[in-house]
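**Q** this one's structure only:
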């Protein structure tokens, strides 16, 4: 029995890196389904094909409310429920403070902070849902991944 049996999760920024690892872990731990979002459709569709029928890619810009509404509707339409949201999407502008414009700053704040706070609020009111913000999700899943790696390594060396 997995930790997420019969649960459905939505992972923002889930086409690569930590977000993809989280989506894979939800599936490994028995999730009924995992939806993941990103901005690049070709990349997302390739990941969805690799993850299989219990996955769903949704093109999304997390700073846009309409994209959030479309994403949550797509999850419920495909899986019939939404139990967990992992706000993993984030950006980083590789500019020094002297080069960063107000537009760069506002875009990063909108995606990295406002998105997390707004969606955490929106999905926590009166709902029995597991809601993971990027910080909590990062530490929780990294610990699980490390344990998984260590156990696999240990088991590989037992005759």
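**A** That came through, no problem. All figures in this text were calculated on a predicted structure; none of them were measured in a lab. Numbering: from 1, shown residues only.

**Q** Now do residue 102 against residue 93, distance only.
**A** Distance from residue 102 to residue 93, counting by C-beta to C-beta, to the nearest Å: 12 Å. Where you see a C-beta, it was placed from the backbone N, CA and C, and this is true even at glycine.

**Q** tell me how far stretch 4-20 is from the chain's mean position?
**A** Offset of stretch 4-20 from its chain centre (C-alpha atoms, centre = their mean, to the nearest Å): 4 Å.

**Q** quick one: buried residues of it?
**A** Neighbour-count burial for stretch 4-20, counted by 16 or more other C-beta atoms under 10 Å, picks out 4, 7-15, 18-20.

**Q** hang on, the earlier thing: out of residue 102 and residue 93, which sits in the more crowded spot?
**A** Taking other C-beta atoms under 10 Å, residue 102 and residue 93 do not tie; residue 93 has more neighbours (13 against 7).

**Q** quick one: secondary structure of the spatially closest residue to that one that is not a sequence neighbour?
**A** The spatially closest residue to residue 93, leaving aside those adjacent along the chain, is residue 104, at 4.8 Å (C-beta to C-beta, 6 or more residues apart in numbering). Judged by DSSP: H, G, I helix; E, B strand; the rest coil, the three-state class of residue 104 is helix.

**Q** so how far is residue 46 from residue 104?
**A** The gap separating residue 104 from residue 46 is 29 Å, by C-beta to C-beta.

**Q** again with residue 19
**A** Noted for residue 19: a distance of 15 Å to residue 46, by C-beta to C-beta.

**Q** Next: residue 112.
**A** Applying C-beta to C-beta, the value for residue 112 to residue 46 is 26 Å.

**Q** Cool, thanks, talk later.
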